[in-house]
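Asks: Any chance you could fold what I've pasted below:
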Amino acid sequence: MSRAATFLAVAAAAFLASCGPDTITLPTPPMAMETQQLVALYDMPTATLDTSNIDQVRADAQARLDELNVDWLPNVVSDALARLRARLAAGSLPTDPASQPKARRAQVTAVVEVQRICVGWDNPPSAPDQATNGSIDLTAIVDTGKIKPEAWATASSCRVRFPPADNNGAIVVMPSVVQATLDGTLIIYLLAPLPSDPADASFLLSFSGSISRGDQMKSSSFDFQVVDKSVRFRVPAGGGDAIVTVGTTLGIQGANAGFSCDLTTLTCQKSSGPAARASSSRVLGGHGPGRDQPRARGAAFGLWLRGSRLRGREQKRELDAKLPAGDRPAVVGSDVAVAGARWAAARGNQPIARKRRGFPALAYSQPADEYAKSVKKPQRPRSSQSYGAAV
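Replies: Coordinates of the predicted model:
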């Protein structure tokens with residue numbers, strides 16, 4: 001897909017309360033719940049894999065791969081998403097489903113529609129002709145200043161050529177050229193920001209409809225992911241679904257193990273253990289703990305200070321035995337602040353009692369401070385600033 005007629009239809013942009021309609025009814029993305037379940041399944045496959053079934057799974061994956069049209073269909077979707085980004089950026093609308101709306105700015109709610117006239121089969125390409133080459137109509141939603149990860153498109157007699165026709169006017173003879181016609185519904189779930197370059201697109205695609213290649217037409221229903229320029233798809237196996245990654249080998253991941261399969265020798269070797277959650281958690285809102293989360297709430301001051309040989313598990317148990325539960329120090333704040341207070345306590349001094357560069361004040365009980373004085377002092381750090389001590 002290359003040259004096309006595009007238009008952007010914004011249902012509403014309420015910059016002032018008095019502007020535009022009072023309420024906007026946004027369309028509901030088709031199969032929204034099922035699509036989110038698919039995203040979760042790709043993150044955490046459910047198949048049980050072992051040496052007794054992996055060869056059959058590999059054979060099933062190869063057969064499934066031939067049905068997905070991954071040699072050209074991902075390019076169609078990626079191109080449409082890049083065009084969508086260009087139109088949104090031109091209207092100063094958000095393009096990253098993981099980003100939060102900017103404060104002190106009008107929160108736009110809009111329905112965005114982009115129509116792409118398909119390029120057709122001619123080489124070199126002819127002028128855009130919707131009647132001959134068909135089109136793809138893509139819909140996305142911006143809700144209160146944030147683009148939804150769900151988008152959907154309808155393909156109507158869309159003619160696609162792969163490899164794409166040469167745009168410089170030369171007629172290029174290819175040994176194998178795909179001429180396909182696409183009809184159906186494409187449900188898209190964004191796994192990354194909309195791409196400025198189609199090659200950078202990351203998404204889940206669920207397709208239902210028909211695909212014609214040459215004089216053969218086949219009704220199809222399938223899904224696959226494009227992540228970091230790699231294609232991943234599902235294949236039933238071991239009482240669930242395995243996730244297959246297409247590369248120089250086939251990577252097959254189950255709930256309990258992963259295998260790497262050589263398509264030349266038709267052999268598979270175990271390559272990994274249980275599946276780990278994939279990167280799509282970014283869009284779903286997943287994120288790890290922050291650096292400033294306290295690691296030792298209600299614990300003694302010497303539980304986990306890295307690099308110090310002073311306080312080990314034996315000393316921790318000794319301290320816990322000496323201190324009643326009500327007298328154990330409460331450690332609250334960032335790692336740096338906690339380390340600084342421990343250093344001060346071990347020297348027999350009062351811990352940091354005031355905020356310094358945003359670090360909160362820390363408090364230790366008298367028994368804990370007396371115990372710190374009785375033990376061997378740790379080596380002085382190279383820089384007290386690195387431990388959060390007052391300078």
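
Asks: okay, CA-based contacts and neighbour counts for the rest of this
Replies: OK.

Asks: could you dump the lengthiest strand in the chain to CSV, C-alpha only?
Replies: Ranked by number of residues, the top strand in the chain under DSSP state E is strand 146-162. Presented in CSV, the C-alpha positions along strand 146-162 are these (Å, rounded to 0.1, in the frame of the first residue of the first chain):
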residue,chain,number,x,y,z
LYS,A,146,-5.3,9.3,25.5
ILE,A,147,-5.3,7.0,22.4
LYS,A,148,-6.8,3.6,23.0
PRO,A,149,-4.7,0.6,22.2
GLU,A,150,-7.6,-1.0,20.3
ALA,A,151,-8.1,-0.1,16.7
TRP,A,152,-9.9,-1.8,13.9
ALA,A,153,-10.2,-1.7,10.1
THR,A,154,-12.4,-3.0,7.3
ALA,A,155,-10.7,-4.2,4.1
SER,A,156,-12.9,-4.1,1.1
SER,A,157,-11.6,-5.8,-2.1
CYS,A,158,-8.1,-4.5,-1.2
ARG,A,159,-5.5,-5.5,-3.8
VAL,A,160,-2.1,-6.0,-2.4
ARG,A,161,1.1,-6.7,-4.3
PHE,A,162,4.2,-8.2,-2.7
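
Asks: What mean pLDDT does that strand get?
Replies: Averaged across strand 146-162, pLDDT comes to 96.

Asks: Parallel or antiparallel, list what pairs with the next helix or strand along the chain from that strand.
Replies: Following strand 146-162 in sequence order, the next helix or strand is strand 178-190 (DSSP states H and E). Strand pairing for strand 178-190, using DSSP bridges, gives strand 146-162 (antiparallel), strand 203-213 (antiparallel).

Asks: for these, which one sits closest to P101?
Replies: Across these, P101 has its closest neighbour in strand 146-162 (5.8 Å, C-alpha to C-alpha).

Asks: per-domain residue ranges of this protein.
Replies: Split into domains by automatic domain parsing, the chain comes to 32-42+67-229, 313-387.

Asks: where exactly do the strands run in the stretch 1-150 of the chain?
Replies: Ranges of strands in the stretch 1-150 of the chain, per DSSP state E, counting those that start in this stretch, are 110-117, 135-143, 146-162.

Asks: got those as JSON lines, with mean neighbour count and distance to T181 columns?
Replies: JSON lines is the format used below for those (neighbours: other C-alpha atoms under 10 Å; distance: least, C-alpha to C-alpha, whole Å):
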{"stretch": "strand 110-117", "mean neighbour count": "23", "distance to T181": "13"}
{"stretch": "strand 135-143", "mean neighbour count": "23", "distance to T181": "10"}
{"stretch": "strand 146-162", "mean neighbour count": "22", "distance to T181": "5"}
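
Asks: got the ones you listed as TSV, with distance to L41 columns?
Replies: Shown next, in TSV, are the strands of the stretch 1-150 of the chain (distance: least, C-alpha to C-alpha, whole Å):
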stretch	distance to L41
strand 110-117	28
strand 135-143	23
strand 146-162	16
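
Asks: and of these, who's closest to A40?
Replies: Closest approach to A40 among the strands of the stretch 1-150 of the chain is made by strand 146-162 (13.9 Å; C-alpha to C-alpha).

Asks: Quick one, grab the pLDDT at the nearest residue to Y42 once chain neighbours are set aside.
Replies: The shortest distance from Y42 to any non-neighbouring residue, by C-alpha to C-alpha, 6 or more residues apart in numbering, is to I243 (6.5 Å). You'll see I243 listed with a pLDDT of 98.

Asks: if I pick I243, what's in contact with it?
Replies: Taking C-alpha atoms under 8 Å, 6 or more residues apart in numbering, we find I243 in contact with Y42, P45, R232, F233, R234, V235, G251, I252, Q253, G254.

Asks: Dig out what it forms beta bridges with.
Replies: R234, Q253.

Asks: about what we covered before: so for A61, which of the strands paired with strand 178-190 sits nearest?
Replies: It is, among the strands paired with strand 178-190 and with distance given as C-alpha to C-alpha, strand 203-213, at 17.4 Å.

Asks: Surely P195 forms part of a helix?
Replies: No: read with DSSP: H, G, I helix; E, B strand; the rest coil, P195 is coil and lies in no helix.

Asks: Neighbours of it, how many?
Replies: Residue crowding around P195 was assessed by other C-alpha atoms under 10 Å; the count is 21.

Asks: mean confidence for the helix ranked longest in the chain?
Replies: Longest helix in the chain, counting residues (DSSP state H): helix 73-90. Averaged over helix 73-90, pLDDT sits at 95.

Asks: Mind listing residues that contact stretch 73-89?
Replies: Counting by C-alpha under 8 Å, 6+ apart, 1, 8, 94-95, 114, 116, 138, 194-199, 201, 226 sit against stretch 73-89.

Asks: Spatially, which two of those residues are the most separated?
Replies: Pairwise over those, using C-alpha to C-alpha, the maximum falls at L8 and V226, 25.6 Å.

Asks: More neighbours: which of these two?
Replies: V226 (21 against 16).

Asks: So which elements touch the helix or strand harbouring that one?
Replies: Using DSSP H and E, the element containing V226 is strand 216-227. Judged by 3 or more C-alpha pairs under 8 Å, 6 or more residues apart in numbering; DSSP states H and E, strand 216-227 is in contact with strand 203-213, strand 230-237.

Asks: ok and the first one relative to strand 230-237, angle-wise?
Replies: Right, strand 203-213. 80 degrees (axes from the mean of the first three to the mean of the last three C-alpha atoms, to 10 degrees).

Asks: Residues touching strand 203-213, excluding its own?
Replies: Residues contacting strand 203-213 (C-alpha under 8 Å, 6+ apart): 35, 39, 178-192, 217-227.

Asks: out of these, which are buried?
Replies: Among these, those buried by neighbour count (16 or more other C-alpha atoms under 10 Å) are 35, 39, 178-192, 223-227.

Asks: what's stretch 224-239 in contact with?
Replies: 42, 46-49, 53, 57, 60-61, 64, 68, 70, 74, 191, 199-206, 223, 241-247.
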